[in-house]
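Q: Structure for this input, please:
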Amino acid sequence: MKRRANVSDLLEHPIPKFGFDGNYIYRGQADASWKLTPSLFRRPCPKRFGEDWSSLERATLRSFKRIGKPYLPDRGLSDIELLTLGQHHGLPTRLLDWTENPLVACFFAAAPGTDDTDGVVWQFLPYDRSLDYEGEELTEITKPKIIYPDHIHDRVVQQQGVFTIHPLPKVGKAFKPFDSSIKKVAPLVYAEKYSISAKEKERLRSDLDLLGVNYRSVYPGLDGVGRQLGWEIERDTSQMLAITSSVFEWDIDDADLFKHRG
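A: Model (predicted):
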């Protein structure tokens with residue numbers, strides 16, 4: 001029986017044994033049972049759209065562009081750029097998030113609040129150039145493509161973001177998860193998944209934090225600062241609060257707030 005690959009294998013040997021170098025991309029999932037399914041397809045297509053995924057996508061993009069206009073760049077955005085922005089703001093899309101940095105993938109796989117489930121990191125080498133996105137219209141995409149997006153959002157930069165974009169299912173059909181076809185999507189691909197046990201997650205998060213991969217680095221701005229402080233307080237190890245209290249001479253009891261749990 002083949003041994004299940006562990007994330008430590010990935011971190012110790014980021015290039016597989018066959019020594020094939022290339023532009024690997026990674027995806028971390030906090031629950032190993034989750035399929036590689038874009039958010040648009042995680043629920044049935046509403047019947048008011050006639051179970052037509054294309055109609056749903058067009059309507060969603062129109063609404064996102066119309067309602068979000070005050071917050072969008074002044075220049076016109078392509079559909080791919082709209083999908084990229086929408087993906088980072090919770091819009092259901094046919095994109096899957098990946099990253100060029102395996103440590104960022106590990107961060108998402110070991111996300112706080114998920115310590116009751118095993119996680120997984122996917123490693124994918126789309127060596128076949130037929131998988132490169134080359135500016136096709138959304139309607140022209142008939143197989144998964146790799147998108148290296150323009151840096152139109154700071155999270156794309158910080159997370160070294162990459163996307164796979166997937167063809168829409170036919171009317172009335174459900175999406176088939178990408179993990180069922182990832183190894184045969186093109187002749188020259190490599191795909192492997194590495195497990196992270198639930199009990200390893202807290203230690204992995206701490207190691208990543210020491211390496212500078214944490215909420216502050218992954219989510220730039222105040223959003224990341226707030227999440228980082230929340231996580232550090234939960235762990236009773238808030239270095240940021242400790243430094244702040246020292247500078248401003250606040251009376252914070254280290255024994256109560258900054259103790260390490262066993």
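Q: Send over stretch 222-240 as PDB, restricted to the C-alpha atoms.
A: Presented in PDB, the C-alpha positions along stretch 222-240 are these (Å, rounded to 0.1, in the frame of the first residue of the first chain):
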ATOM      1  CA  LEU A 222      -6.000  46.300   8.800                       C
ATOM      2  CA  ASP A 223      -7.900  43.100   8.000                       C
ATOM      3  CA  GLY A 224      -4.700  41.000   8.400                       C
ATOM      4  CA  VAL A 225      -3.600  42.900  11.600                       C
ATOM      5  CA  GLY A 226      -7.000  42.400  13.200                       C
ATOM      6  CA  ARG A 227      -7.000  38.600  12.400                       C
ATOM      7  CA  GLN A 228      -3.500  38.200  13.500                       C
ATOM      8  CA  LEU A 229      -4.200  39.900  16.900                       C
ATOM      9  CA  GLY A 230      -7.300  37.700  17.300                       C
ATOM     10  CA  TRP A 231      -5.300  34.600  16.700                       C
ATOM     11  CA  GLU A 232      -2.500  35.700  19.100                       C
ATOM     12  CA  ILE A 233      -4.900  36.500  21.800                       C
ATOM     13  CA  GLU A 234      -6.500  33.200  21.400                       C
ATOM     14  CA  ARG A 235      -3.100  31.600  21.900                       C
ATOM     15  CA  ASP A 236      -2.300  33.900  24.800                       C
ATOM     16  CA  THR A 237       1.000  34.800  23.000                       C
ATOM     17  CA  SER A 238       0.400  38.200  21.500                       C
ATOM     18  CA  GLN A 239       3.800  39.700  20.700                       C
ATOM     19  CA  MET A 240       2.200  42.800  19.100                       C
END
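Q: gap between it and the chain center?
A: Mean-position distance between stretch 222-240 and its chain equals 21 Å (CA atoms, centre = their mean, to the nearest Å).
Q: mind checking how far stretch 105-123 is from the chain centre?
A: The answer for stretch 105-123 is 11 Å, by CA atoms, centre = their mean.
Q: just the strands in the stretch 151-262 of the chain please.
A: 161-165, 190-196 (DSSP state E, counting those that start in this stretch).
Q: and the shortest one, what's its mean pLDDT?
A: In this model, strand 161-165 carries a mean pLDDT of 92.
Q: Over to the longest one?
A: On average, the pLDDT along strand 190-196 is 90.
Q: Could you do stretch 54-63 as well?
A: Average pLDDT, stretch 54-63: 96.
Q: cool, stretch 85-96 as well?
A: Per-residue pLDDT values over stretch 85-96 give a mean of 93.
Q: Go through that stretch and flag the buried ones.
A: L85, G86, Q87, H88, L91, P92, T93, R94, L95, L96 (16 or more other CB atoms under 10 Å). The way it works is simple: take the backbone N, C-alpha and C, and place the C-beta from them, glycine included.
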